[in-house]
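>>> This is the structure alone, sequence omitted:
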């Protein structure tokens, strides 16, 4: 319903600048990740995948939250800032953590994923000047596939989300993260 989407804009307006700030702090302070990036990414994906699968399996059918509670504003503030840092290191992070939190707190699943995608996109665009401005740092082969893939995914995602429903969306998202995490461990472990 329309009421379930009321938190969307406030969440995006709070999280996007904080996530970009976290990302730029890493660049400005030249902060290194606390561990090797590939195992960190794989572990991060596995943890989130298992957590989301657990919430999908154990989820109840109670109503979605329609307003943002104070505890949620505090939590998403920390998630956005920390997620921006993780995104600077792994190229993913803020969206996955934010989606997981919002789904766990029983916000509408579609709203949760949409919020996460918008915040992720804004964060990544904030990093673009650094990566595209230094020629050799830009992974043009990745950009050539990821750019069109993101556009196609954005167009297809809405229809897919509407047809799947909340529980199936959570389940699919969890399985996808597990596959990513396991493939990273197999390929680089």
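Cool, the structure landed. Bear in mind the structure is a predicted one, so any value in this text is a computation, not a measurement. Numbers count the residues shown, from 1 in each chain.
>>> So what pairs up with the residue nearest to residue 106 when sequence neighbours are not counted in the strands?
Nearest-residue entry for residue 106: residue 65, 5.5 Å, with adjacent residues in sequence omitted and distances by Cβ to Cβ, 6 or more residues apart in numbering. Placement of C-beta: from N, CA and C, glycine included. Beta bridges link residue 65 to residue 107, judged by DSSP bridges.
>>> Near residue 65, how many other residues are there?
Taking other Cβ atoms under 10 Å as the neighbour definition, residue 65 ends up with a count of 18.
>>> Tell me, what's the model's pLDDT at it?
What the model reports for residue 65 is a pLDDT of 82.
>>> average pLDDT for stretch 90-106?
When the per-residue pLDDT values of stretch 90-106 are averaged, the result is 84.
>>> can you pull out the helices in the protein?
With DSSP state H as the definition, the chain shows helices at residue ranges 8-29, 37-58, 70-90, 94-104, 109-132, 140-164, 166-188.
>>> so which of the ones you listed is the most packed in?
With neighbours defined by mean count of other Cβ atoms under 10 Å, none of those is more surrounded on average than helix 94-104, at a mean of 24.
>>> roughly how far apart are the residue nearest to residue 46 when sequence neighbours are not counted and residue 165?
Excluding its sequence neighbours, the residue lying closest to residue 46 (Cβ to Cβ, 6+ apart) is residue 181, at 3.6 Å. As judged by Cβ to Cβ, to the nearest Å, residue 181 and residue 165 stand 25 Å apart.
>>> one step back: least confident of the helices of the chain, on average?
Considering the helices of the chain one by one, the lowest average pLDDT is found for helix 140-164, at a mean of 64.
>>> Identify the residue nearest the most centrally placed residue in the chain in space, chain neighbours excluded?
Among the residues of the chain, residue 95 comes closest to the average C-alpha position under Cα atoms, centre = their mean, at 1.4 Å. Once its chain neighbours are removed from consideration, residue 95 has its nearest residue in residue 120; the separation is 3.3 Å (Cβ to Cβ, 6+ apart).
>>> ok, that neighbour touching residue 87?
Yes - with contact taken as Cβ atoms under 8 Å, residue 120 and residue 87 are classed as touching, separated by 7.4 Å.
>>> what residues do the two have in common as contacts?
Among the neighbours of residue 120, those also in contact with residue 87 (Cβ atoms under 8 Å, 6 or more residues apart in numbering) are residue 94.
>>> what about residue 31, distance to residue 159?
In this structure, residue 31 lies at 39 Å from residue 159, with Cβ to Cβ as the measure.
>>> Figure out the length between the terminal residues of stretch 52-66.
Across stretch 52-66, the straight-line distance between its terminal residues is 21 Å, by Cα to Cα, to the nearest Å.
>>> Check stretch 90-110 too.
Length of stretch 90-110, first residue to last, Cα to Cα: 24 Å.
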